[in-house]
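Q: Test case, fold it:
(chains A, B and C)
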Amino acid sequence: MALERSEVEKIAHLARLGLNEGDIPQTTETLNSILGLIDQMQAVDTQGIEPLAHPLEATQRLRADVVTESNQRDAYQAIAPAVESGLYLVPKVIE
Amino acid sequence: MQWETVIGLEIHAQLSTQSKIFSASATTFGAEPNTQASLVDLGMPGTLPVLNAEAVRMACQFGLAIDAEIAERNIFARKNYFYPDLPKGYQTSQMDHPIVGKGFLDIALEDGTVKRIGITRAHLEEDAGKSLHEDFQGMSGIDLNRAGTPLLEIVSEPDIRSAKEAVAYVKAIHALVRYLGICDGNMAEGSLRCDCNVSVRPKGQAEFGTRAEIKNVNSFRFIEKAINHEVQRQIELIEDGGKVVQETRLYDPNKDQTRSMRSKEEANDYRYFPCPDLLPVVIERSFLDELRAALPELPPQKRERFENQYALSAYDASVLSASRELADYFEVVAKTCGDAKLAANWVMGELSSLLNKDNLEIDQSPVSAEQLGGMILRIKDNTISGKIAKMVFEALAAGEGATADEVIEKKGLKQVTDSGAIEKMLDEVLAANAEQVEQYRASDEAKRGKMFGFFVGQAMKASKGKANPGQVNELLKKKLEG
Amino acid sequence: MHQLTLAEIAQGLAAKQFSAEELSRSLLARIAQLDPQLNSFITVTEDLAIEQAKAADARRAAGENSPLLGAPIAHKDLFCTNGVLTSCGSKILTGFKAPYDATVVEKLGAAGTVTLGKLNMDEFAMGSANESSHYGPVKNPWDTSRVPGGSSGGSAAAVAARLLPAATGTDTGGSIRQPAALTNLTGIKPTYGRVSRWGMIAYASSLDQGGPLARTAEDCALLLGAMAGFDAKDSTSVDQPVDDYLAALAQPLAGLRIGLPKEYFGAGLDARIGEKVMAVVEELKKLGATVKDISLPNMQHAIPAYYVIAPAEASSNLSRFDGVRFGYRCENPKDLQDLYKRSREEGFGAEVKRRIMVGTYALSAGYYDAYYIKAQQIRRLIKNDFVAAFKEVDVILGPTTPNLAWKLGEKNADPVSAYLEDIYTITANLAGIPGLSMPAGFVDGLPVGVQLLGNYFQEGRLLNVAHQYQQVSDWHKQVPSGF
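A: Below is the predicted model of the structure:
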């Protein structure tokens, strides 16, 4: 499956990655060579094989419902690009 | 053309855990912005989720309450999309393997019938934060206190056929989660939120029409209005030759209309996949057995018991069992006065209009169940009439006495049952209205019936309402016929 | 002093031959002098190191005598260190002074180690040459025109050049073992879940595992013993006691069953590396091991499966780098989408962006089953191969890498050719089993590594085999000239 330019643009948008117009052909070519590698999987017969998501196949441990966190806003916001009145600032959110 | 409305609802119920679903921050509503946002809630690099046991327990309780299959293994998945109130760029949710599978809920309709609404699934997920649109030099502010609050998303089948049914269903879910104690149901604070999938189709058509999703409708009243508005919009659109497009719409209660939202965005591709930071959650059968045994009596069982034990109509039983607090209140009144029918009438009548008028919840009622029960007892033993009882009730509501007996005593409202005294009073009334007595006696049966009411009225007025109405009727008849 | 191993340092400190502060000062001076040739450090935490060294000396003066008390180390720059830049080798984490310590950092700190700094790495641990770092490539001390391997390339170069005795690293597809092999070190990737991932910035969550790089198996045992263990903050951490790795070292190898998978010695392997590996096998036989030919038939599918699973997880893990709460934010974003797109375009390097795109594509509607599910099915086949093999053998042995360290820039034009370098290491990550690389000699003056793979939680056995081999060999004692 070779990617078209439009698909590359769509993927970049889903991933919120800006694409430099001049880089698109190169990016498309590289992605296609990686997909070529990946597509080798299709030759493997995996019928009836249960997918493996976690190597150990363990089960989830549950945490007791206890509050142990305290307010650390100042420390956490000291490394934020833009804050005001305790809020993280972003360009206007339009719904 | 006749149109049929098809509605499916997605209800997000915030589970009333102490801490968040994947972190140990508090879930308290209304805290200062970002003071309840931990490293995990902020999506700081390197942080990892650990699942809250209480959220799992609550979801299982809900599943048991709607007779659903509860999966032995359920799996958390990531729903990937970018939004400023979503710190990790994905929402941890459940997709292919939700914790609660197919179940159902029976709802009572106003015509007294009961309808079964299918519940497709209910799954656990984390809530997002909030974008505040006050202007910070053209910027929005992000508060992540709510991020990570546990949600149970309850998805109904498209079984609902009107806005009224939708409201009845949401009320039933609301009652259920409150019965279970798993959600406080506070819609104003967003503890229970509703997305409505609405479509219309010509009556008799089998396939569904294209649906629009109305997001975040946050009161029973708005659910009804939003759906009715949307149905009207879709019908008009189709009848004008247009087509309904599948989209998300937002209800504006101020303008009473829905408008399209995120329409410029292309269809989302959420790229769900199993969350590699969380392992499959295994629910032991023994755990479910224990939970089942400890379930409180739920609305359907309570309704049935009320019908049988108190001989109430299906409608009365469903109204009174709609909330645990109301049901408890009713049962105390009924027990105190020993007359369930009378108790039901008072709770659903005077009490409920009093609460409505002042916009109070049952647990804020100025008249306690014991007070009301004690008062009804005095109606039953003829100490007061039903009419006087309303005065006593108002006095109790105004705090003018600790018990009905005290109010009756203080205000001298005790009913007159001494027939000698009543006769004496009637004689005076008849004497004062001699002309009407003459007319009465000259009239035929039909006319007499009407005129009789006049004398009763005069008699009750003369006794300031305190005369026993039964005795007044009986003695008056005797005297007039006499 | 810089030639000492952790074990020797422990003895020296215990015998009061030198203090932790003297040792740290000496190494800090060495870093200042030599690291400009290598670029192995992103941050040198001089003040923190002196403070920690003094504290360690005080603890020792108060009678404490644990082996890592005062031991100088450094962390791969994806372990969060409170108040210290944690960059992941990326521009997007510009200014990210982590507001907390990773569990590994905390545990090693509690054991008394002294942190000399944060080590360079491939951006977000994506790479096998350490050329994708925003902070510039790291050079191999054995030949500074060559790559040190990656992604823990800074850790490997610094330890190999004797700038410090040991360092932490992480391994998602070979990122501890491959640089260890290319720089003549011993490094171990533990069983998945053995070392906490809390505070270890994720590349691919179901594959990532932290571990040590050092000059000897003994030092790895020492460090891993302090890093490993259950952590309630990591749901994938395993609640099982940690073996006594030091005690395991002395076990004789008589009766050890070694499996040689034929797939590890086929086409693609530099024959000179194959010879070195077989020489190690001969030595192990002399120590009492028996050898059996085995097959891991699905190994050939590991690279395509890995390059679906790892990018898929990465595409999601890296979504949080959005310029809102921390890290790099583009100048004057004109709207929200511009903030996201430009911050991420400018903040991530080419390889990271490539993998995000591949992962996004693999998870997108219509491709999920063909790519992601298929890759996970292959993942199970690979695990099944190992489960079957470990019924017959105790350890599996083969080369760590198919080739020697390559020239800087040599594989930049073709990312796929670099991906193929991971062929021998990534199966351990997909299956979650432990893997170790140790020195096996030199070809053309460049180090060769031999890899040992073990069954789940058999870290002790792998360290034991490596240690016993290191008692009868001296490859690991070779020092790159100029260092």
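Q: Could you list the low-confidence segments of the stretch 201-350 of chain B?
A: Segments of the stretch 201-350 of chain B classed as low confidence (criterion: pLDDT under 70) are B:262-267.
Q: Residue A:7: what secondary structure?
A: Here residue A:7 is helix, with the state taken from DSSP: H, G, I helix; E, B strand; the rest coil.
Q: can you give me the strands for chain A?
A: Assigned by DSSP state E, the strands in chain A fall at A:62-63, A:83-84, A:87-91.
Q: again with chain C
A: Residue ranges of the strands in chain C, as given by DSSP E, are C:41-44, C:72-76, C:114-119, C:166-171, C:186-189, C:209-214, C:257-261, C:290-294, C:395-399, C:435-443, C:446-454.
Q: from the ones you listed, which stretch is densest packed?
A: For the strands of chain C, ranked by mean neighbour count under the definition mean count of other CB atoms under 10 Å in any protein chain shown, the leader is strand C:186-189 at a mean of 33. To be clear about C-beta, it is placed using only N, CA and C from the backbone, and glycine gets the same treatment.
Q: Which neighbouring elements make contact with that one?
A: Other helices and strands packing on strand C:186-189, by 3 or more CB pairs under 8 Å, 6 or more residues apart in numbering or on different chains; DSSP states H and E, are strand C:166-171, helix C:177-182, strand C:209-214, helix C:217-227, strand C:435-443, helix C:459-471.
Q: So which residues on the stretch 101-250 of chain B come close to chain C?
A: Residues of the stretch 101-250 of chain B found near chain C (CB under 8 Å from any CB of the partner chain) are residue B:142.
Q: thinking again about what came up before, same list (the strands of chain A) but as a markdown table, adding mean neighbour count and distance to chain B.
A: Written out in a markdown table, the entries for the strands of chain A read as follows (neighbours: other CB atoms under 10 Å in any protein chain shown; distance: least, CB to the nearest CB, whole Å):
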| stretch | mean neighbour count | distance to chain B |
| --- | --- | --- |
| strand A:62-63 | 19 | 4 |
| strand A:83-84 | 16 | 5 |
| strand A:87-91 | 24 | 3 |
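Q: Go through these and name the closest to residue C:260.
A: Minimum separation from residue C:260 across the strands of chain A (CB to CB) falls at strand A:62-63, 43.6 Å.
Q: Please state the offset of that closest one from the chain centre?
A: In terms of CA atoms, centre = their mean, to the nearest Å, the centre of strand A:62-63 is set 26 Å apart from its chain centre.
Q: now for the stretch of helix or strand residue B:92 belongs to, which elements pack on it?
A: Here residue B:92 is covered by strand B:90-93, with elements defined by DSSP states H and E. The criterion is 3+ CB pairs under 8 Å, 6+ apart, and the helices and strands that strand B:90-93 contacts are strand B:77-80, strand B:114-126.
Q: partner strands of that strand, parallel or antiparallel?
A: strand B:77-80 (antiparallel) (DSSP bridges).
Q: Let me see the domain layout of chain B.
A: Domain assignment for chain B, taken from automatic domain parsing, gives B:3-290, B:297-411, B:419-481.
Q: what helix or strand does residue B:431 sit in?
A: In this assignment (DSSP H and E), residue B:431 forms part of helix B:419-432.
Q: could I have that helix exported to PDB, CA atoms only?
A: Listed next in PDB are the C-alpha coordinates belonging to helix B:419-432 (Å, rounded to 0.1, in the frame of the first residue of the first chain):
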ATOM      1  CA  SER B 419     -73.900  16.800  67.700                       C
ATOM      2  CA  GLY B 420     -75.700  18.900  70.200                       C
ATOM      3  CA  ALA B 421     -73.400  21.800  69.400                       C
ATOM      4  CA  ILE B 422     -73.700  21.200  65.700                       C
ATOM      5  CA  GLU B 423     -77.500  21.100  65.800                       C
ATOM      6  CA  LYS B 424     -77.500  24.400  67.700                       C
ATOM      7  CA  MET B 425     -75.300  26.000  65.200                       C
ATOM      8  CA  LEU B 426     -77.400  24.600  62.300                       C
ATOM      9  CA  ASP B 427     -80.600  26.000  63.800                       C
ATOM     10  CA  GLU B 428     -79.000  29.400  63.800                       C
ATOM     11  CA  VAL B 429     -77.900  29.100  60.200                       C
ATOM     12  CA  LEU B 430     -81.300  28.000  59.000                       C
ATOM     13  CA  ALA B 431     -83.000  30.700  61.000                       C
ATOM     14  CA  ALA B 432     -80.800  33.300  59.400                       C
END
